[in-house]
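Q: sharing a model prediction with you, sequence too.
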Amino acid sequence: MALRLVTKNLSSRISPKLCSASLLHSHATSFGFKEVREEEKSQMVGKVFSNVASNYDLMNDFMSGGLHRLWKDRLVSKLSPFPGMKHLDVAGGTGDVAFRILESVNSIKRRALQDPLNDDLQEETRIYVCDINPNMLDVGKNRALEKGLGEDKSLVWVQGDAEALSFEDNSMDGYTIAFGIRNVTHIEKVLSEAYRVLKRGGRFLCLELSHVDIPVFKELYDFYSFSVIPRLGEIVAGDRESYQYLVESIRRFPPQEKFASMIADAGFQKVEYENLVGGVVAIHSGLKI
Amino acid sequence: MVRLSKWLLKEAGTGVNKTLSDILVCPLSKQALRVCEEPPSLISDSIGVSFPIKDGIPCLVPTDGKILDTDDTMKHDNAADDSANNK
C-alpha cells in the first residue's frame, strides 16, 4: 500500500482553471463511456441503483472476492470513531460503512465499561446515512433490523442529495463517502458540501475505485473489468447494463492525483491518498482546519 | 386497546419527526425545517417547500420537494402567529 502526500500548491502548478472546468464538465455529462445531458445523468444513475439495490451487497462480494469488506474496514479504521461523534456517511445506502462505525464506537464503550461519562456520550453518538436512492436506503434499513439495530437511535436514515445536503454548517465530526462519488453529476459540489458540513478539525474520507498504472496488472484488471464483471452482472443479477456502467464510470473518474487536487480546491488541508491493491481502490482523505 | 396502540405509534412517530426537524435543515436554503404531522413532512418556510417523510425516512432531495401554494403557507403562518400570541 503506497501513501502519497499532495499539497495544496500542486493544483496551482498545473494550469487549473482550463483543465478543471473541462474535466468537471466531462464528468457531469458522462454516463460511463456514453455522453448524456447533464440534467439526465442523475436520473440514469438513479435507475442503475434502483435496479442493483437488492443484489448490491452480494454483487460486491462476487466482484471483489470479498475484498470490499477489508477496504471498508480500512476506511473506518482511518476515521478513528469515538463515542458521541456526529458522523455523516453519504451515498451509504445499504449501510456497510455506517454499521462498521457504529460497531467500532460500541466496542469502545464495552472497553470502558463502568465509565458513566462514556455512557452519556454513547447516547449522543449519531451516524447519519444519506443516500439519494430510496431503494438502497430500504435495503440498509432492513439490514439494520436484521442486525438488531432497528431501534438504535444512533442511526438516522435520510434521503438526500450529496450535492445539496440537509445538514447544518460545521455540524459533523466525520464525513465518509464510499463508492459513491464516482456516480455524482457534480463532484465539486459534493466536495464543497462536505467541507461545509464538517466541523473544524473534521475529517473527510473517500473510498473509491481508482486507476491502476502497474504494467501487466493493469491489463489483467482491464480484462477482468470489461470481460468478467458485466458477465457476472448478467448471471448473478440479470443486469448486464448496470455493471457495464459501473466499470466504464471507474475509467471516466479522475485519477488519484487529480482527485486529490480537487479535494484541496474545496478547502481541505493535509490531503492524502492511499492506494489499495495497486490502485484498484484508493482512500482519499482531507482535514478541515 | 387498538386505539391506544395506534395513538402510541403516532406519538412515537411524532417524537421521531420532531427529532429530525431539530437536526435537519432545508437542503436549498439551509434554514430550519418545521414538522407537519399530516401528511408527515418537513416544511421549509424559507422557500415554501414541503418534503415528504416516507416510512420514517425524510426525503430531502431538492427535486422531491413540493412547492406549497400560498393558501397552505398562510394557514401555517396563522397557526404559528396564534401559538406565538398564546405564549
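A: Received, thanks. This is a predicted model, so every value here is computed, not measured.
Q: for chain B, what are the nearby residues on chain A?
A: A:126, A:128, A:132, A:134, A:137-138, A:141, A:156-161, A:164-169 (C-beta under 8 Å from any C-beta of the partner chain). Where C-beta positions appear, they are placed from N, C-alpha and C, glycine not excepted.
Q: restricted to helices, list the residues you listed.
A: Among the residues of chain A next to chain B, the residues falling in helices (DSSP state H) are A:134, A:137-138, A:141.
Q: closest one to chain B out of those residues, please.
A: Minimum distance to chain B across these is 5.8 Å, recorded for A:Leu137 (C-beta to the nearest C-beta).
Q: what sits against the closest one?
A: Residues in contact with A:Leu137 (C-beta atoms under 8 Å, 6 or more residues apart in numbering or on different chains) are A:93, A:129, A:131, A:157, A:159, B:57.
Q: next one: A:His211
A: Shown in contact with A:His211 (C-beta under 8 Å, 6+ apart): A:251, A:255-256, A:279.
Q: could you measure from it over to A:Thr176?
A: In this view, A:His211 and A:Thr176 are 21 Å apart by C-beta to C-beta, to the nearest Å.
Q: how about A:Glu40?
A: From A:Glu40 across to A:Thr176, the span is 28 Å (C-beta to C-beta).
Q: in the ones in helices among the residues of chain A next to chain B, find the pair that's most separated.
A: A:Pro134 and A:Lys141 (10.1 Å; C-beta to C-beta).
Q: lowest-pLDDT helix or strand in chain B?
A: The weakest-scoring helix or strand in chain B, judged by mean pLDDT, DSSP states H and E, is helix B:70-86 (a mean of 48).
Q: tell me who's in contact with A:Met63.
A: A:Met63 touches A:229, A:232, counting by C-beta under 8 Å, 6+ apart.
Q: before we move on, what about A:Phe217?
A: With C-beta under 8 Å, 6+ apart, A:Phe217 has these contacts: A:Gly278.
Q: what packs against whatever helix or strand A:Phe49 lives in?
A: Taking DSSP states H and E as the definition, one finds A:Phe49 inside helix A:38-52. For helix A:38-52, the packing partners by 3 or more C-beta pairs under 8 Å, 6 or more residues apart in numbering or on different chains; DSSP states H and E come out as strand A:30-31, helix A:134-146, helix A:240-252.
Q: can you map out the helices along the chain?
A: No chain in the question, so chain A it is. A:9-13, A:16-28, A:38-52, A:56-64, A:67-79, A:96-111, A:116-124, A:134-146, A:187-197, A:217-223, A:229-237, A:240-252, A:256-265.
Q: right idea, wrong chain: chain B
A: Counting by DSSP H, chain B has helices at residues B:2-23, B:70-86.
Q: pLDDT weak spots in the stretch 101-250 of chain A?
A: Counting by pLDDT under 70, the low-confidence segments of the stretch 101-250 of chain A come to A:112-122.
Q: excluding sequence neighbours, find me the nearest residue to A:Arg126.
A: A:Lys86 (4.9 Å; C-beta to C-beta, 6 or more residues apart in numbering or on different chains).
Q: the one you found touches A:Ser154, doesn't it?
A: No - using C-beta atoms under 8 Å, A:Lys86 makes no contact with A:Ser154, being 10.1 Å away.
Q: overlap in contacts, the two.
A: What both A:Lys86 and A:Ser154 touch, as defined by C-beta under 8 Å, 6+ apart, is the set A:125-126.
Q: quick one: contacts for the residue nearest the centre of chain A?
A: By C-alpha atoms, centre = their mean, chain A has its centre lying nearest to A:Ala178, at 1.9 Å. By C-beta under 8 Å, 6+ apart, the contact list for A:Ala178 reads A:72, A:75, A:89, A:91-92, A:96-97, A:206-208.
Q: run the last query once more with 6 Å
A: A:97, A:207 (C-beta atoms under 6 Å, 6 or more residues apart in numbering or on different chains).
Q: what do you get for A:Lys270?
A: Counting by C-beta under 6 Å, 6+ apart, A:Lys270 touches A:Leu287.
Q: let me know the pLDDT of it.
A: With respect to pLDDT, A:Lys270 scores 97.
Q: also A:Thr29?
A: 84.
Q: equivalent analysis for A:Phe62, please.
A: A:Phe62 is assigned 88 on the pLDDT scale.
Q: roughly how far apart are A:Phe82 and A:Leu88?
A: 15 Å.
Q: neighbour count winner among those two?
A: Taking neighbours as other C-beta atoms under 10 Å in any protein chain shown, A:Phe82 and A:Leu88 compare with A:Leu88 leading, 29 against 15.
Q: tell me how far the more buried one lies from chain B.
A: 11 Å (C-beta to the nearest C-beta, to the nearest Å).
Q: that residue: what's it in contact with?
A: Going by C-beta under 6 Å, 6+ apart, the list of residues near A:Leu88 reads A:128, A:172, A:175.
Q: between these, which is closest to chain B?
A: Out of the contacts of A:Leu88, the member with the shortest distance to chain B (by C-beta to the nearest C-beta) is A:Tyr128, at 7.8 Å.
Q: count of residues packed around the closest one?
A: For A:Tyr128, the neighbour count with other C-beta under 10 Å is 26.
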